[in-house]
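Trainee: missing the sequence, but the structure's below:
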Ligand code: AMP
C-alpha cells in the first residue's frame with residue numbers, strides 16, 4: 001500500500017468525526033491515516049447522506065477513499081453471510097477508464113472493506129473473461145470495471161444491474177479522451193434510475209458537464225484543487241531544445257545523479273517502444289508501457305517500476321493513467337502533449353502524497369504552440385531554462401568504456417555540422433519566448449553559459 005499523505009500536528013478533525021462505522025475506522029487506522037484529506041472531509045458526509053456529487057479532484061488527493069468509505073458504509077444494511085449469489089447482487093458500480101486505475105481502485109475497496117463481509121471484483125479487458133464471469137456468478141456487492149469489459153459482461157449476461165444503488169464514474173475526463181463516453185452512456189441506460197451517482201474528473205470540459213447533467217440529480221459540486229491546476233509540490237521547467245538534440249538531452253538528464261527514478265512521456269505507442277530501446281542501448285534501465293502491450297506485461301512493467309527495479313519508465317498518456325507512485329521524483333515530457341489537460345495529468349504523477357517533484361519538458365520549435373496552449377490552460381508561464389549541454393547520443397555510444405573521464409564525454413561528435421546547418425560544436429542556444437506562430441524562424445540569442453544540472457533541478461541557488 002502506498003504511503004499516506006503527509007499531515008502535520010495533532011489532528012483536530014478525525015475520521016471518527018465523519019461518523020464512519022468502526023470496521024471502516026479500523027481499516028483506515030491500519031493504513032496510518034490520522035486525518036481526512038480535504039476531499040474526504042467534504043465528500044464523506046454528502047455521500048453518506050445519499051447526495052449526488054460532481055467532484056473536481058485529481059488523483060493524489062485521497063479521492064478514492066472519499067467515495068469508497070461512505071459507499072461501503074451505505075452497504076452495511078445489506079451485508080449478508082448467506083452463500084447464495086442472490087443475496088450478493090451488484091449494489092455499487094465503479095467505472096474507471098483504464099485497467100491500471102480499475103485495479104488501483106479495487107485495491108482501495110479491498111483495503112477499506114477488509115473488516116466487512118462484502119465481496120468485490122475488478123473486471124477489465126485484455127484478459128480472459130471466464131474467471132470474471134465465474135466470480136460474478138458467485139455474487140459481488142461492489143464491481144469495479146472498465147466500460148468496454150463491463151459491456152462484454154452485459155452481452156454475456158454475467159451481470160445484472162437491477163440492484164445497483166450507487167454508481168461512481170472515476171476520471172471522467174479520461175473516459176472522454178479515450179472515447180469511452182458512448183460506452184458509459186450505454187451503461188447508464190441499463191442502470192436503475194433511482195440511484196446515487198458520483199462523477200469525478202480532474203478537468204471539466206463542456207462535454208463532461210453535459211454528461212454530468214444527464215447522469216447526476218441535483219449534484220453538489222465539490223472541488224479540492226482548482227480545476228486544470230498543477231500539483232503544488234511540483235516544480236516545472238521547460239528546456240527549449242532542437243528536435244534532433246532531444247534524445248541526447250534526455251539521456252544526459254537521465255544519467256545525471258540527481259534523477260533517481262523518472263517517468264518519461266511520449267505521445268505515441270510506437271515512439272514509446274522506440275525510445276525505451278534507445279535508452280536501453282545508452283545503458284539505462286528503461287522499460288516501455290503502452291496500450292499495445294499485454295495486460296500481464298503492463299502489470300509486470302509497472303510492478304518493476306514501483307519496486308524500483310526499473311529506473312525509467314517510458315509511457316504514453318493512456319498507459320500512465322492511474323499510475324500511483326508516491327515516491328516518483330520526476331516526470332519528463334519528451335514530447336509535449338497535444339491536449340493541454342494531459343500536461344496536468346502527466347505532471348501530477350510526481351509530487352504526490354505531499355512529496356516534492358519536478359516536471360521537465362523538452363520542447364522543440366514545432367511544439368511551442370502546444371506549450372502556449374498548456375500555459376493558457378494553467379494560467380501561468382512555465383519557466384524556460386537553458387538545456388544543459390550533454391554529448392550527443394552518437395558520442396555516448398562511441399564511448400569506449402564506462403570509466404572514461406567526464407571531459408571526454410562532453411566532446412562534440414566529429415562531424416559537427418548537421419545536414420540542416422546546426423553546429424553541434426556550439427553550446428545550445430535557447431529559442432527565447434513563446435513565438436506567436438510555432439513556424440516562425442527564431443532570432444539567434446546571445447550565448448548563455450552552461451548551467452550545472454543541480455541548478456537546473458533546483459538544487460543550487462534556489463530560495
Ligand atoms: P487517491 O487520490 O485516491 O489516488 O489517493 C492518493 C494517496 O493518498 C493514496 O496513496 C492513499 O493511500 C493516500 N491517502 C488517502 N487518504 C488519506 C488520508 N486521509 N491520509 C493520508 N493519506 C491518504
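Mentor: Cool, got the structure. The model shown is predicted, which means the values in this text are computed figures rather than measured ones.

Trainee: Tell me the pLDDT of residue 454.
Mentor: The score at residue 454 is 31. That number is its pLDDT.

Trainee: and if you look at residue 222?
Mentor: 89.

Trainee: Which strand residues bridge it?
Mentor: Residue 222 has these beta-bridge partners by DSSP bridges: residue 55.

Trainee: pretty sure it is touching residue 37, no?
Mentor: No. The pair residue 222 / residue 37 is not scored as a contact, 11.9 Å apart, by CB atoms under 8 Å. For glycine as for every other residue, the C-beta is placed from the backbone atoms N, C-alpha and C.

Trainee: where does the stretch 101-250 of the chain dip in pLDDT?
Mentor: 225-229 (pLDDT under 70).

Trainee: Please enumerate the helices of it.
Mentor: Assigned by DSSP state H, counting those that start in this stretch, the stretch 101-250 of the chain shows helices spanning 130-138, 147-156, 172-177, 181-190, 206-215, 246-255.

Trainee: what about the last one, distance to the chain center?
Mentor: Meaning helix 246-255. Centroid separation between helix 246-255 and its chain, computed with CA atoms, centre = their mean, to the nearest Å, is 23 Å.

Trainee: Sheet-wise, list the partners of the helix or strand following it with their directions.
Mentor: Next in sequence after helix 246-255, counting helices and strands by DSSP states H and E, comes strand 262-265. When sheet partners are counted by DSSP bridges, strand 262-265 sits next to strand 312-315 (parallel), strand 330-333 (parallel).

Trainee: Number of residues surrounding residue 183?
Mentor: 18 (other CB atoms under 10 Å).

Trainee: Hmm, residue 152 and it touching each other?
Mentor: No. The pair residue 183 / residue 152 is not scored as a contact, 10.4 Å apart, by CB under 8 Å.

Trainee: A helix includes residue 298, no?
Mentor: Yes. Membership of residue 298 in a helix is supported by DSSP: H, G, I helix; E, B strand; the rest coil.

Trainee: List the residues that contact it.
Mentor: By CB atoms under 8 Å, 6 or more residues apart in numbering, the residues touching residue 298 are 99, 100, 289, 319.

Trainee: Distance check, the second one against residue 319.
Mentor: So that's residue 100. Applying CB to CB, to the nearest Å, the value for residue 100 to residue 319 is 8 Å.

Trainee: Then residue 341?
Mentor: Per CB to CB, residue 341 is found 17 Å from residue 319.

Trainee: do residue 387 as well
Mentor: Residue 387 sits 27 Å away from residue 319, taking CB to CB as the criterion.

Trainee: okay, the two: which has more neighbours?
Mentor: The residue with more neighbours, out of residue 387 and residue 319, is residue 387; 28 against 25, by other CB under 10 Å.

Trainee: Any residues of the stretch 51-200 of the chain in contact with the ligand? List them.
Mentor: Within the stretch 51-200 of the chain, the positions near the ligand by CB under 6 Å from any ligand atom are 59, 60, 61, 62, 63, 64, 65.

Trainee: Could you report the pLDDT at the fifth one?
Mentor: Residue 63 carries a pLDDT score of 91 in this model.

Trainee: cool, the first one as well?
Mentor: Predicted confidence (pLDDT) at residue 59: the value is 72.

Trainee: With residue 349 instead?
Mentor: Taking residue 349 on its own, its pLDDT is 82.

Trainee: which residues does it contact?
Mentor: Residues counted as contacts of residue 349 (CB under 8 Å, 6+ apart) are 263, 320, 323, 325, 328, 331.

Trainee: would you turn those residues into a markdown table with pLDDT, neighbour count and distance to the ligand?
Mentor: Listed next are these as a markdown table, based on pLDDT from 0 to 100; neighbours: other CB atoms under 10 Å; distance: CB to the nearest ligand atom, whole Å:
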| residue | pLDDT | neighbour count | distance to the ligand |
| --- | --- | --- | --- |
| 263 | 95 | 24 | 16 |
| 320 | 70 | 23 | 14 |
| 323 | 68 | 24 | 10 |
| 325 | 73 | 19 | 9 |
| 328 | 87 | 21 | 12 |
| 331 | 95 | 25 | 16 |
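
Trainee: In a markdown table: those residues, plus distance to residue 297.
Mentor: Listed next are the contacts of residue 349 as a markdown table, based on distance: CB to CB, whole Å:
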| residue | distance to residue 297 |
| --- | --- |
| 263 | 17 |
| 320 | 15 |
| 323 | 15 |
| 325 | 18 |
| 328 | 20 |
| 331 | 22 |
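
Trainee: Return the residues in contact with the closest residue to the ligand within the stretch 101-250 of the chain.
Mentor: For the stretch 101-250 of the chain, the residue closest to the ligand is residue 108, as judged by CB to the nearest ligand atom, at 6.7 Å. By CB under 8 Å, 6+ apart, the residues touching residue 108 are 64, 65, 68.

Trainee: How much space separates it from residue 79?
Mentor: Shown here: residue 108 relative to residue 79, a distance of 19 Å by CB to CB.
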